[in-house]
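> Take a look and give me a structure for this.
(chains A and B)
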Amino acid sequence: MNVERRLEKVLLVVFTAVSLLFLSLPTARSLQVFKLFLAYCFDPGPQLSAKAAEVLKATPSNYLRLMTVDQTNRELRLDATTHRLKLQQADALLEENRALRHVLGLREQGLWKFKIAGVLERDASDWFGSLVVDLGQEAAIALNAPVLGEQGGEIGVVGRILELRPKTARVLLINDQLSSIAVMVGDSRQEGLLTGQGRRALRVDFLNPEAPVAVGDRVLTSPTSAVFPPGNLVGAVRRVLPVDPYLPYQSVEVAPAMDINNLKQVLIIEGK
Amino acid sequence: MIWFFGFVSACFAHWWLVQMFPESAAPHLPLIVTIAFSIVRGPVSGQCMGFFTGLFVDTLSVRLFGGQALALSALGCLAGQFRKKIDFNSGLAQALAIFTASLAYAAAMEALSLIFMNQTLSGAVTYFIGKPLTNALAGPAVFALLDKAAASRRRRLLPRAQ
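Next up, the predicted model:
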């Protein structure tokens, strides 16, 4: 008991003395620095509270984002199921097609294999002429391989491989003046030759002047095309040009299906 | 162990309370814990708690450095003197003890401020009315926690009945 009382008194004196010593110290810079140091060591509070406040502030928007992601996820799952079903149907049709071809003695068509390449660069002086992709000889890309693009759920023709380098390849776009493709126009499947104009619009010549061609008709690659697989979307008729009485064919202007300016990735077909 | 836990929780809970609530709505936890320790565990424990938690609060405040340590250690010593003389088992007695200690603390801080800084404390109403009331309301809860911790320690130390 006595020891505790003595300790109590000693502590009172010591604590009072130390406190008075601290109190009597002038508020010198060294003391302020010492206080700041201690505050920094002991005080994770401001950082933690700032973080907590940030988390709390971001919670409603994060929740909203989570809900949106959940909604998108559901839609995508539904889409995936639909596509899986379509794929099954397509497989069945393919099998049927193969059997019929066999019965009719026609040559069997192989399925396309493709590689996905990223668009690397565009040349400002040749904007509608070509672009460079990030796959080349090392990826076994062949010269003249058809290049397709994907936009808004549709696959359309972009061009063909013009030049090969080890790691890159230059694609000749269908808009280039040197490009020409055999195409079919509209439901009547009139064959014509699509040529680039060096600008956004394309042109199809050699169409039968009697053929019913209308604005909005789809333009697809023809089975007679030497480069492209048949049935690939090229674009849609934008304008039917007046028939020149001195020419034995009619021409139409075509809007390309793929917006070349928004292409980030392309599909390179490995074998037609 | 209880002492260390009390010290750490008093310091950090005090900081969080001060950050989250207005000045008069946040109880002064170091003061309450000091008084509770003095009454439940004796003046030595209370003094040590008062001095170190006071020093912690001094470190984080821009006011007098050492003022809170002096006031709280002295209050811890003083409260320890009354533990055998007054029955602090009821919540009302605990609240009254905390209320009185808060007033004494406010007076001590005012005096220290006048002596060492030659100025009075800003927000005297908060210190003399708001704080003592919130401290008195929060005090019994701290006493209850400390009693519970002490009882559980006693149970652990007692030999088990065969």
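> Check the offset of the helix or strand where B:L112 lies from the chain's centre.
Using DSSP states H and E, B:L112 sits in helix B:91-117. Helix B:91-117 has its average C-alpha position 10 Å from the chain's average C-alpha position, going by CA atoms, centre = their mean, to the nearest Å.
> residues of it that come out buried?
Of all the residues in helix B:91-117, those buried under the rule 16 or more other CB atoms under 10 Å in any protein chain shown are B:94-95, B:97-106, B:108-109, B:112-113, B:116. (Glycine included, C-beta is placed from N, CA and C.)
> repeat for stretch A:58-67
Across stretch A:58-67, burial judged by 16+ other CB under 10 Å covers no residue at all.
> And stretch A:15-30, by the same measure?
Judged by neighbour count (16+ other CB under 10 Å), stretch A:15-30 contains these buried residues: A:15-16, A:18-19, A:22-23.
> returning to what we had before: for the helix holding B:L112, what is the average pLDDT?
Mean pLDDT, computed over helix B:91-117, is 86.
> likewise stretch A:151-164?
Mean pLDDT, computed over stretch A:151-164, is 88.
> ok, residues contacting that stretch?
Outside stretch A:151-164, the residues within contact range by CB atoms under 8 Å, 6 or more residues apart in numbering or on different chains are A:130, A:136-137, A:141-150, A:169-174, A:176, A:179, A:181, A:221, A:227-228, A:232-235, A:256-260, A:262-263, A:266-268.
> If we use 6 Å, what do you get?
A:136-137, A:143-149, A:169-174, A:227, A:232-234, A:257-258, A:266 (CB atoms under 6 Å, 6 or more residues apart in numbering or on different chains).
> For beta bridges, what are the partners of A:L193?
Listed by DSSP bridges, the beta-bridge partners for A:L193 are A:A182, A:D205.
> Please name the residues that touch it.
A:180, A:205-206.
> hang on, the earlier thing: is the helix holding B:L112 positioned near chain A?
Yes. Applying CB under 6 Å from any CB of the partner chain, one finds helix B:91-117 touching chain A at B:F116.
> What helices and strands are in contact with that helix?
With contacts defined as 3 or more CB pairs under 6 Å, 6 or more residues apart in numbering or on different chains; DSSP states H and E, helix B:91-117 has these neighbours: helix B:29-41, helix B:67-82, helix B:131-157.
> hmm, back to that, which one of the buried residues of stretch A:15-30 sits closest to A:D70?
Within these, the smallest distance to A:D70 is 57.9 Å, found for A:F22 (CB to CB).
> Now do the closest one against chain B, distance only.
In this view, A:F22 and chain B are 3 Å apart by CB to the nearest CB, to the nearest Å.
> Check what pLDDT the closest residue to that residue other than its chain neighbours gets.
Closest residue in space to A:F22, ignoring its immediate chain neighbours: B:G66 at 2.8 Å, by CB to CB, 6 or more residues apart in numbering or on different chains. Note on B:G66: pLDDT of 83.
> if we can go back for a sec, now the buried members of the contacts of stretch A:151-164.
If we count by 16+ other CB under 10 Å, the contacts of stretch A:151-164 have these buried: A:136, A:145-149, A:169-174, A:227, A:232-234, A:257-258, A:266.
> Could you identify the helix or strand that succeeds the biggest strand by length in chain A?
In chain A, taking DSSP state E as the definition, the longest strand is strand A:154-164. The C-terminal neighbour of strand A:154-164 among helices and strands, as given by DSSP H and E, is strand A:169-173.
> which neighbours does that next one have in its sheet, and in what orientation?
Strand pairing for strand A:169-173, using DSSP bridges, gives strand A:130-133 (antiparallel), strand A:154-164 (antiparallel).
> model confidence over that strand, on average?
On average, strand A:169-173 scores 92.
> contacts for that strand?
A:130-133, A:136, A:141, A:147, A:159-163, A:179.
> Could you list the buried residues of stretch A:246-265?
Buried residues in stretch A:246-265, defined by neighbour count with 16+ other CB under 10 Å: A:249-258, A:260, A:263.
> what's the span of it from first residue to last?
Criterion CA to CA, to the nearest Å; first-to-last residue distance in stretch A:246-265 is 43 Å.
> and if you look at stretch B:114-127?
Using CA to CA, the end-to-end distance of stretch B:114-127 comes to 15 Å.
> circling back to that earlier point, okay if I get the contacts of A:L193 as CSV plus distance to B:G42?
Formatted as CSV, these follow (distance: CB to CB, whole Å):
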residue, distance to B:G42
A:S180, 101
A:D205, 106
A:F206, 109
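> which residues touch stretch A:126-140?
Residues contacting stretch A:126-140 (CB under 6 Å, 6+ apart): A:115, A:117-122, A:141, A:164-173, A:175-176, A:198-199, A:266.
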